[in-house]
Every structure is written in C-alpha cells, then in structure tokens.
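Q: Below is the structure, and that's it, no one-letter string:
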C-alpha cells in the first residue's frame, strides 16, 4: 500500500468523486515543489497507488493538489474552488498517512485519516 493515500467524497452528490485528478509534491530545500506522483481517483473515489512502497519516502513538507474545477465541470456544477491544495508535514515516514477530502461546489473539508 502507498504510504500516502486519499479518498475523495462528493458530499453534494452523495457519492465517491470518480475521475478527479490529484498530484502529490514534496517541498525541496529551495522551497520549490517537486512532483512525485499524479493520478485519477477510481470508482470508489480513491487513489490507492499514489506512490509505491518501494519509492523513497522521507520526512518533509508535502502538498496534495485536488483539481476540483474540472471534476465539477464534468457534472455541470459550479466550482468556487478550482483547486484544493492540502499542505502537510510528514515527521515519521514509517507511519501511514491518509488525506481524505470531502468536497462540495462551495466548500471542502480535510483531515488526517487512518
């Protein structure tokens, strides 16, 4: 399993957000963002293999960007937030990190899941 996972739920439609693009980046020493992975959520709203267990996974600042604008356009829904960047810090890379997103056209919520 990927050491970082996510799950996106479309709370306005009451279902998983399938086909939503997500990127994962890590902040470099020069405070730039380095792309590590990207993909689309599956039918369950998950991106299970965002990074592989064999990829180097180290402590640092990470950013997961959820491209919500194109997803909302697919459903002909307004989107106040065209992107949702979630920045978080990994202190212990031996742990698993789950970053879920609850999404609606005019709001979102995220937290560290299990």
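A: Received, thanks. Computed from a prediction, not measured in an experiment: that's the story for all the values here. Numbering: from 1, shown residues only.
Q: The helix or strand harbouring residue 37: partners in the sheet, and parallel or antiparallel?
A: Element membership for residue 37, per DSSP states H and E: strand 33-40. Using DSSP bridges, strand 33-40 pairs in its sheet with strand 21-27 (antiparallel).
Q: Enumerate the positions of the partner strand that are buried.
A: Under the neighbour-count criterion of 16 or more other C-beta atoms under 10 Å, strand 21-27 has 21-26 buried. In short, each C-beta sits where N, CA and C put it, glycine included.
Q: Same list (these) but as JSON lines, adding distance to residue 56.
A: Below are the buried residues of strand 21-27 laid out as JSON lines (distance: C-beta to C-beta, whole Å):
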{"residue": "21", "distance to residue 56": "24"}
{"residue": "22", "distance to residue 56": "20"}
{"residue": "23", "distance to residue 56": "18"}
{"residue": "24", "distance to residue 56": "13"}
{"residue": "25", "distance to residue 56": "15"}
{"residue": "26", "distance to residue 56": "10"}
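Q: quick one: the helices in this protein?
A: Here the chain has its helices, by DSSP state H, at 68-74.
Q: Perfect, that will be all.
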